[in-house]
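>>> Would you be able to build a 3D model of this:
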Amino acid sequence: MSEKKRIANERKAMTLVSILEFAATEYGRSARVIASEEIRKQILEIGVNKCARESGFDRKNFIRKLVRGVPVKRNSYNEFVPGCRATS
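From the prediction side, this is the model:
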């Protein structure tokens, strides 16, 4: 067997092995979270509009999702929670 064919066969074999060994990267945290009961109660006590205004997080649909228990993006939730706790 010529040198070029041997090298080509080795490359094919390595490619096949790397495809079979492929595993998806898994991250420890979920991209979405659900609001805790404490946060839900605070929002309902304060009111959605007042909570949005005083926390500086003026996305009312986001706040309504928190109250209903709909999953929201983790970064948005982490940005909102300190502002919500400051208003109570």
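
>>> Please list all residues in contact with the residue nearest to A31 when sequence neighbours are not counted.
Residue nearest to A31 in three dimensions, not counting chain neighbours: R74, with 6.2 Å by Cβ to Cβ, 6 or more residues apart in numbering. From N, CA and C alone the C-beta is placed, and that goes for glycine too. Under the criterion of Cβ atoms under 8 Å, 6 or more residues apart in numbering, the contact list for R74 reads 29-33.

>>> Hmm, F57 is touching F80, no?
Yes: counting by Cβ atoms under 8 Å, F57 touches F80, with 4.8 Å between them.

>>> Between these two, tell me which one has more neighbours.
Regarding F57 and F80, a neighbour count based on other Cβ atoms under 10 Å identifies F80 as having more, with 23 against 18.

>>> Which positions within the host helix or strand of the more buried one qualify as buried?
Assigned by DSSP states H and E, F80 belongs to helix 74-87. Using 16 or more other Cβ atoms under 10 Å as the test for burial, helix 74-87 gives 76-77, 80-81, 84.
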